[in-house]
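[1] Predicted model and sequence follow; I will ask about them next.
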Amino acid sequence: MSREDPVKRHTAALVGNPNAGKSALFNALTGARQKIANYPGVTVERKAGRLALPDGDSVELIDLPGSYSFDAASPDEDVTRKVVHGEFEGEAIPEVIVLVLDASNLEQHLVFAQEVLELGRPTVVALNMIDLAERDGLTLDPDALSEALGVPVVPTVAVRRRGLEELAAAIAEAEAHADEDAHKRWHITLPERRLAAKHMARAATLSKSTRHTVENGIDRVLLNPWIGPVILFGLLFVIFQAVFAWATPFADALEGGVGAISGVVSASLPSGFVHDFLVEGVLAGVGSVVVFLPQIVILFFFILLMEASGYMARAAFLMDRLMAGVGLSGKSFIPLLSSFACAIPGIMATRSIPDPKDRLTTILVAPLMTCSARLPVYAVIIAAVIPQTTIGPGVGLQGLVLFALYIAGILGAMVVALVLRHTVTSGAASGFIMEMPRYQLPRLKDLVIGLWQRAWVFLRRAGTIIFTVTIVLWLMLSFPKAEPGESQMDASVAGMIADGLHPVLKPIGFNREMSLALVPAMAAREVAVSALATTYAVDAEDEDLAAEGVTDRIAELWSLPTALAFLAWFVFAPQCISTIAVARRETNGWKWPAFMVGYLFVLAYVFAGLTFWIATALGL
Ligand SMILES: Nc1nc2c(ncn2[C@@H]2O[C@H](COP(=O)(O)OP(=O)(O)OP(=O)(O)O)[C@@H](O)[C@H]2O)c(=O)[nH]1
Ligand SMILES: [Mg+2]
């Protein structure tokens with residue numbers, strides 16, 4: 001900022017209804033990579049970035065959660081209210097407000113817009129999604145809207161970077177003086193506001209062709225009470241088939257690559273500490289997790305498609321009735337579905353749920369949704385013990401088992417929610433209203449960037465937390481060294497820990513290696529795989545055994561009931577430490593996370609046990 005500048009412009013805040021494209025504008029203007037997705041409630045916290053203005057100055061641009069009103073009750077909307085009113089701790093009131101409106105949905109968006117303008121602060125309107133309005137046959141008149149609102153209006157298409165320079169220029173010119181008349185002009189009741197919105201939208205619409213919107217036709221099918229759920233279920237089924245079927249060639253290639261590197265390292269290094277560290281710890285351990293990259297990418301490909309197309313909110317709508325049956329609402333569906341990626345963003349997404357008890361229940365059951373970190377665990381065990389047969393055209397048994405495990409998690413979450421709503425979080429279930437976002441064709445570039453980000457997150461985890469934990473375990477497995485004739489595991493520190501845990505887990509069919517693997521898996525669930533791989537590699541009696549992958553060792557050493565019990569454990573397995581930490585932050589204390597960990601441990605133990613005993617009784 002130049003010193004002579006009389007106008008103080010430290011910050012500008014993006015404000016508007018959910019799904020107006022605020023984060024898309026934020027990313028386009030600042031070069032950030034905030035999450036954008038086509039459903040309301042994506043952004044749940046305040047994020048800042050720097051925006052260079054055409055006059056050489058720059059401002060701190062703030063992306064905010066979408067809001068319907070300043071009176072709104074949900075925690076994310078509360079952040080918006082606080083920031084805009086200058087009540088957010090450690091932050092001055094923003095000098096300029098950038099009010100983002102969806103041009104294709106103008107009337108609705110003008111309701112909250114009036115509330116924002118009532119503040120009487122320097123405001124610039126971004127009339128975003130002009131392209132969608134055009135798609136619907138709407139021609140808008142930004143000047144008329146500007147006249148009606150009394151502030152500059154800049155048409156934009158955030159995702160195509162249209163209108164960005166004009167918007168930046170308008171922000172630069174927004175004068176830092178309050179509009180004294182604003183209060184008198186705008187302060188009216190909600191019905192009056194709605195009426196005013198209608199008039200203003202009408203006045204700003206130059207022409208409107210009676211084009212049938214794509215939405216209606218598609219929604220008649222996708223939201224049909226009978227066909228809709230079948231399509232949703234079918235889609236989930238296809239996803240889990242694809243995770244196995246499509247990934248196999250890539251996963252095999254990666255596994256071959258890791259094996260080849262392992263062979264080269266083995267042959268070229270003399271046996272000793274460095275050799276063992278690389279072969280048993282790094283390659284067997286961390287390598288066993290990295291090979292699941294293709295599966296992770298495929299899973300996220302589908303999640304990103306659902307998020308970008310606008311289907312996510314439809315799925316929430318379809319699930320609303322089912323969710324109401326267990327005392328939740330469709331609002332909980334999106335956080336729960338996000339938990340398929342990871343429970344941490346899932347739990348944070350609950351901030352868009354207004355009712356505190358709905359929100360708490362959703363937080364408590366979110367870890368039951370199968371996060372992507374569990375995918376390697378499931379995949380390794382399934383590959384080892386479930387035959388690669390097809391049981392129908394295009395339906396593989398392995399994919400089916402994976403699907404069943406996801407369903408088990410979902411059903412578990414539903415039952416737990418039902419019980420909680422009748423006990424610890426009892427109260428009236430709240431209603432469900434969610435705007436259906438416009439259908440959009442996902443943009444290839446967004447998809448590629450999104451997948452790249454996810455792949456990078458996965459690889460970074462493998463290189464940091466999974467690496468560290470696996471290496472610590474490897475050290476504990478490798479020392480003290482065994483006497484000749486003694487097994488290395490028996491002699492090691494880790495072996496002693498495993499011996500301590502095993503008696504507790506033996507009744508539910510777990511062997512010693514599994515018992516040991518559960519401990520580091522608390523850091524990150526994928527570690528269960530690397531821990532088993534490292535344990536078997538360290539304990540291998542000869543080079544041939546050491547060269548075998550963890551899948552082969554499990555296939556040889558585990559009985560089917562034992563393997564199934566391990567899968568059942570991971571359906572419920574108490575979450576990783578980061579999830580516990582987020583639950584603590586979001587519930588402001590240790591009480592609920594402690595409760596969550598407790599009930600998950602009990603369920604994991606009981607269900608793993610039941611699975612083991614039943615499978616054994618059936619003679620599997
Ligand atoms: N066609 C079109 N799509 C847009 C435009 N701006 C944003 N989008 C899309 O609209 C969806 C919502 O965008 P976001 O930036 O996540 O919306 P938001 O206002 O931040 O939403 P919340 O964080 O939920 O309040 C995404 O799918 C974007 O890709 C636009 O100008 N034209
Ligand atoms: Mg956003």
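    That came through, no problem. Ligands and ions are numbered 1, 2, ... in the order given.
[2] which bits of the stretch 151-300 of the chain sit near ligand 1?
    Contact residues, the stretch 151-300 of the chain versus ligand 1 (Cβ under 6 Å from any ligand atom): 157-159. Heads up, the C-betas are built off the backbone N, CA and C, glycines and all.
[3] Which one of the residues you listed sits in the busiest neighbourhood?
    Each of those was scored by neighbours using other Cβ atoms under 10 Å; the highest score is Ala158's, at 26 neighbours.
[4] A helix includes Leu101, no?
    No. Using DSSP: H, G, I helix; E, B strand; the rest coil, the assignment for Leu101 is strand, not a helix.
[5] Show me what counts as buried in the strand or helix carrying Ile497.
    Applying DSSP states H and E as the criterion places Ile497 in helix 493-505. Applying a neighbour-count criterion of 16 or more other Cβ atoms under 10 Å, the buried positions in helix 493-505 are 494-495, 497-498, 501-502, 505.
[6] which residues in the stretch 151-300 of the chain form helices?
    Assignment of helices within the stretch 151-300 of the chain using DSSP state H, counting those that start in this stretch yields the ranges 164-173, 182-186, 190-204, 214-222, 227-245, 247-268, 273-276, 287-290, 293-309.
[7] okay, the ones you listed, which one's buried deepest?
    Mean neighbour counts were taken over the helices of the stretch 151-300 of the chain using mean count of other Cβ atoms under 10 Å, and the top value, a mean of 25, falls to helix 287-290.
[8] ok, and of the buried residues of helix 493-505, which contact ligand 1?
    Filtering the buried residues of helix 493-505 for neighbours of ligand 1 using Cβ under 6 Å from any ligand atom leaves an empty set.
[9] Gly396 bridge partners, please.
    Per DSSP bridges, residues listed as beta-bridge partners of Gly396: Thr390.
[10] Can you dump the C-alpha atoms of the helix holding Ile497 in CSV for me?
    This file holds the C-alpha atoms of helix 493-505, laid out as CSV (Å, rounded to 0.1, in the frame of the first residue of the first chain):
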residue,chain,number,x,y,z
VAL,A,493,10.9,-54.5,21.8
ALA,A,494,8.0,-54.6,19.4
GLY,A,495,7.6,-58.3,20.0
MET,A,496,7.3,-57.6,23.7
ILE,A,497,4.6,-55.0,23.1
ALA,A,498,2.8,-57.4,20.8
ASP,A,499,2.9,-60.1,23.5
GLY,A,500,1.4,-57.7,25.9
LEU,A,501,-1.5,-56.8,23.6
HIS,A,502,-2.1,-60.1,22.1
PRO,A,503,-4.0,-61.8,25.0
VAL,A,504,-6.6,-59.0,24.8
LEU,A,505,-7.1,-59.4,21.1
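[11] by contact count, what packs against that helix?
    Packing partners of helix 493-505 (3 or more Cβ pairs under 8 Å, 6 or more residues apart in numbering; DSSP states H and E): helix 467-478, helix 488-491, helix 512-518.
[12] Please identify the deepest-packed of the ones you listed.
    helix 512-518 (a mean of 23).
[13] circling back to that earlier point, JSON lines please, covering the buried residues of helix 493-505 and showing pLDDT.
    As requested, those are arranged in JSON lines below (pLDDT from 0 to 100):
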{"residue": "Ala494", "pLDDT": "92"}
{"residue": "Gly495", "pLDDT": "91"}
{"residue": "Ile497", "pLDDT": "92"}
{"residue": "Ala498", "pLDDT": "92"}
{"residue": "Leu501", "pLDDT": "93"}
{"residue": "His502", "pLDDT": "94"}
{"residue": "Leu505", "pLDDT": "95"}
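[14] domain assignment for this protein?
    The domain map for the chain lists 11-208, 227-426+451-618, with the assignment taken from the TED database.
[15] Distance to Val214 added to the ones you listed, as a markdown table?
    Supplementary listing: the domains of the chain in a markdown table, determined by distance: least, Cβ to Cβ, whole Å:
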| stretch | distance to Val214 |
| --- | --- |
| domain 11-208 | 8 |
| domain 227-426+451-618 | 10 |
